[in-house]
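Visitor: quick one, fold the following:
(chains A and B)
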Amino acid sequence: MHELLLYGQVPESRHEQLLKILAGVAAMQPRHVVERHLVYKPQREPEEPGAHLRRGGTQNVGVKFKQVGQKDLYFTQLVQRLSVEDFNKSETNQPGLVIADGESAPESKWTFEFQDVPQPVNENHGVLDRMTHSTEVLSGNVHEYMAQIGNQFVSEYYQDGHLFVHDNIVLLLHRVLAEPAPATTQSTPKERLPSFDSLKPLDSQGTYVLEAKIRLHDRDRKGANEKDAKGTDVMSKGVEELRRFKNQMKGCVDLTTPDRLLLDTRVKYKPKTLAQPARPGQVVR
Amino acid sequence: MSASGPATDVALRPWPTSEKEALDRAELHNKVVQLASERGHLRLITEESLQEEIDTGKDAVEVAVMEGVEQQEEVKSTQTKQDRQKQVWEVRNSMWQLTEWAEHYASSALDLVALVLSRDPTKKLDSAFSPNFKQQLVPRGTFGLDKGIYSTPGQPVNQDKDKDKDEPTAEEKKAMIAAQGSRMIALDWSVDSILNAANEMKKEVRKENKYWEEILSVSRQGWPLQRLRKDARYSPFAVRYGFPEANPLFKSRGFAPLKMDDDGSIILDPTLALKPKTLRVRISDDGRISGTSRLPAQEDESGLAIDKSIQLAKDSLFEEELYHEMSMETRQLLSFGVEMRNTVINLLVSGSGFGARKVLIDCIPREDNLPSGEDHSQDWLAQNIADALRLLLSHEHRMRLLRRMQIPPPLSLQTRTHRQPPLLRALLAAFSHVNAVDSLHSHLRRLVKTLESAGLAISLEVSRETSWTRLTDIIEESNKPDMAAMDQLVDLFIKPLEGQATLSLPSFAFLKSVSSEKLTVTTRTFMAHPTFGTEFIVTLPTSLANVLHLSQDQKREIKFSPPDSTNDVTSYVDWIISLHLSHTLIKDTYGKRAAALDGEPTVAIQLKGPKALSKRCVSVSLNDSKLQVALEPSDFEKQHTWDGSHDDLSFLSQVKVLVD
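Guide: Coordinates of the predicted model:
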């Protein structure tokens, strides 16, 4: 599945106003959405860029040697859908926090999400385009699962926002919240939710982000009959709809495409610092 | 020519040229013409006359000039020439001026006359005006001319003044009176026009007042108003009364500008002023109308006309949409006996207790006074149907909003199909389900009664619709925070309906216990894939599965599909019970002496004692809720029938009587 994206920034003072405007545009009441995101990273360290290229001569017999491209490693996320009431429940009432217990997909609270690096922006399109994948996790301990398939927990954050649906566009006006305590080296997600009021916006100005998203299926397939082959493919339909929305919101929110590398989800390669060789005479502890 | 001569005496003549010795022919000719014009015909010119002229001094000037010219020619020829030229130019200029003035006066006079005449519209005077005057763009007909009573200026007035200043003449008095009169008329006229303006103003104010009052009242009633950009002068506002989730066809109609009338009240847009319509449901039994739904009551007269008409328009829009959706739906329901005849939707309802019953649905103008049928026995049914249909449509509206609010599926090449709201479908399903369940249940009840009269113990539990029996529980337990209780309630009627009847297998009454083996008949109704009607599913208990020699892993469910599933299932239940009676009850009683015949409710029983080698076949049959036990081959003497009425003889004893 692919996503077409546009982003806009809204100062906190205009948040209320924009909520009303969007409610009018989408002809629906906003739905409050609170999400908890757990960020995971593969345990394996990424290889050095170019490490797969052959260096120097080899003793291989002259067989045509297929060069295998380097595999990138990506950060992935677990998303838990919450409501404000969940934060205020007493300790005993809170269900196992990292346990999914939905019986069907809509009831499932947990989703595993993967997002690729957005593709370079096509000037004709003017929207960000990235590949995504999400899987509903129905039951079981989600953290255990992630650890078992070779991931390590990095950090967690919360997302507080309102959701609108305008035809095919999903609008999310949200901001990122985090716990005010300095990031300690947690190796597992918290077993208990902090109180909602203690969460502070990551941006100290409290700025909101408006995300306009269209999800696509079979992005690259053209229409079955010849007539449809031109222009009516899903991609251009989605781009057209997003662009129309962008024009509609002109003067209200400036929707733009951020630099794609800001949304990079790849794990960066960090060269290992070599241990300093011990000088003679120094006591090696 | 002397310089002292007055300008009036100027004679124009060609500049004298030096005399030539000989004149050529053309010059001579010219000379002759000149002479002729100066002196008359040559014939009259004689020497004497010329001499006389010279003597009398006529044309002496000329001569003098000629002479002078000749004399002074040498002296001051250049100076004279210049002076004369100057003089000539001056004279010429003054002459030009005079002629221009003359022309100006003449054309002014002409313009004046034409302007005076232009009051008469029949005259075409455009060409008469001078171009100069035309440029000034003086409006035509603005100049009036009247015969005055003024005395000629000059002497008479002066004379009057001199006579006496105090006593005006009769003419002056007249003039004064006339002036006074005309002033009064003018004042009168201006007062009138001011009054008119005031009235006009008052009217405008009242008009605006009324318009705003009505706008406010509309707004206070809770109708959403909105500004219109176009044609803002006469209808600055529009009212929105349609349903936000209505079918696109009807959504666009739910909006009308509020225009201002002559007296300020709001006139409605034509769309609002359309004849309001309403839905009518009638029940027809054997072609005779036996019930009509209640038409909306004529509203009371309180409140403004505009509020009422908006309300009416809204109601009408809803009813029309309902009718539209249903008529669209009829196209898919032909096979269920739904058809459209002359804008009336005919719904065939089959069932017991009445003949060919039809539900007729149409959309009629609200004001129509209808001949109310004589028979009102089914009015309740018609009214309930109408109300149910309205509930279903408003439920559909809310569901559309709910669906729209969900995160949409990813865009793909497959176009999403628009689902037809199940209105008639739900109605049909309810009829069909209730009908099928009721006939099944009444059959089972009669069966139970018959078997009980035969000394058999049997229990029956029935429910028409399993979810209806525990409505409140379902709503309380549901975890759909977005859906109101009302919507969840209506939703139950749109989903497949499922009724259940549980029958315990008969056992002998003297055992004082009801068998734990249960036969379940499930009734399921859905007017779409996969059922297309009402179907029955009979679930057999294990003991019956053994009787039917079904293997362990075989499904013990038997499905009866429409049409005519009701008859099929009742006869099947009869057969399976009689099989149970014979193959289980009788066989167990006689133990090894009895042998059951496969697939038939007949048991062959070996006789005891001397006739031990011979067999008697006992057959059990259940038909039309009558239980019959007979010996095979059939023997009228050797049989017994229970039909539900009290009977002393029990089933077992009767069998024993037959066998022994």
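Visitor: which element, helix or strand, includes the residue lying closest to B:Lys638 once chain neighbours are set aside?
Guide: Nearest non-adjacent residue to B:Lys638, counting by Cβ to Cβ, 6 or more residues apart in numbering or on different chains: B:Leu631, 4.2 Å away. (Glycine included, C-beta is placed from N, CA and C.) Assigned by DSSP states H and E, B:Leu631 belongs to strand B:626-632.
Visitor: ok, residues contacting that strand?
Guide: For strand B:626-632, contacts defined as Cβ atoms under 8 Å, 6 or more residues apart in numbering or on different chains pick out B:450-451, B:454, B:578, B:581, B:602, B:616-622, B:638-644, B:651, B:654-655, B:658.
Visitor: doesn't B:Glu213 fall inside a helix?
Guide: Yes. Under DSSP: H, G, I helix; E, B strand; the rest coil, B:Glu213 falls within a helix.
Visitor: hmm, who's touching stretch B:318-333?
Guide: Contact with stretch B:318-333 is made by B:243, B:246-247, B:249-250, B:277-279, B:338-340, B:345, B:361-363, B:389-390, B:393-394, B:396, B:420-425, B:428, B:527, as judged by Cβ under 8 Å, 6+ apart.
Visitor: check which residues of it are buried.
Guide: B:318-323, B:325-327, B:329-330, B:333 (16 or more other Cβ atoms under 10 Å in any protein chain shown).
Visitor: make CSV out of the residues you listed and add pLDDT and secondary structure.
Guide: Putting those into CSV (pLDDT from 0 to 100; DSSP: H, G, I helix; E, B strand; the rest coil) gives the following:
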residue, pLDDT, secondary structure
B:Phe318, 90, helix
B:Glu319, 90, helix
B:Glu320, 90, helix
B:Glu321, 91, helix
B:Leu322, 92, helix
B:Tyr323, 92, helix
B:Glu325, 91, helix
B:Met326, 92, helix
B:Ser327, 91, helix
B:Glu329, 90, helix
B:Thr330, 91, helix
B:Leu333, 87, coil
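Visitor: let's have those residues in a markdown table, adding distance to B:Arg206.
Guide: Shown next, in a markdown table, are the buried residues of stretch B:318-333 (distance: Cβ to Cβ, whole Å):
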| residue | distance to B:Arg206 |
| --- | --- |
| B:Phe318 | 36 |
| B:Glu319 | 37 |
| B:Glu320 | 37 |
| B:Glu321 | 39 |
| B:Leu322 | 42 |
| B:Tyr323 | 42 |
| B:Glu325 | 45 |
| B:Met326 | 47 |
| B:Ser327 | 47 |
| B:Glu329 | 51 |
| B:Thr330 | 52 |
| B:Leu333 | 57 |
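Visitor: of all these, which two lie farthest apart?
Guide: Greatest spatial distance among the buried residues of stretch B:318-333 (Cβ to Cβ): B:Phe318 and B:Leu333, at 22.0 Å.
Visitor: can you report phi and psi for the residue nearest in space to the middle of chain B?
Guide: Centrality entry for chain B: nearest residue to the mean C-alpha point is B:Arg253, 4.1 Å, by Cα atoms, centre = their mean. For B:Arg253, the backbone dihedrals are phi -90, psi -10 (criterion: degrees, to the nearest 10).
Visitor: hang on, it packs against B:Gly242?
Guide: Yes. If you go by Cβ atoms under 8 Å, B:Arg253 and B:Gly242 touch, sitting 6.3 Å apart.
Visitor: overlap in contacts of these two?
Guide: B:Leu317.
Visitor: what residues does chain B put near chain A?
Guide: B:244, B:401, B:404-413, B:479 (Cβ under 8 Å from any Cβ of the partner chain).
Visitor: same thing but 10 Å
Guide: Neighbours of chain A within chain B, by Cβ under 10 Å from any Cβ of the partner chain: B:244-245, B:401-414, B:479-482.
Visitor: buried subset of these?
Guide: B:245, B:402, B:404-405, B:408, B:410-412.
Visitor: residue ranges with poor pLDDT in the stretch 51-200 of chain A?
Guide: Scanning the stretch 51-200 of chain A for pLDDT under 70 picks out A:51-70, A:89-98, A:100-108, A:182-185.
Visitor: in it, what residue comes closest to chain B?
Guide: The nearest approach of the stretch 51-200 of chain A to chain B comes at A:Asn168, 5.2 Å away (Cβ to the nearest Cβ).
Visitor: helices along the stretch 301-450 of chain B, start to end?
Guide: According to DSSP state H, counting those that start in this stretch, the stretch 301-450 of chain B carries its helices in the segments B:305-330, B:379-405, B:424-453.
Visitor: nearest residue to the middle of chain A?
Guide: Judging by Cα atoms, centre = their mean, chain A has its centre closest to A:Gln115, at 5.6 Å.
Visitor: go ahead and confirm that one touches A:Val79.
Guide: No. Counting by Cβ atoms under 10 Å, A:Gln115 stays clear of A:Val79, with 11.1 Å between them.
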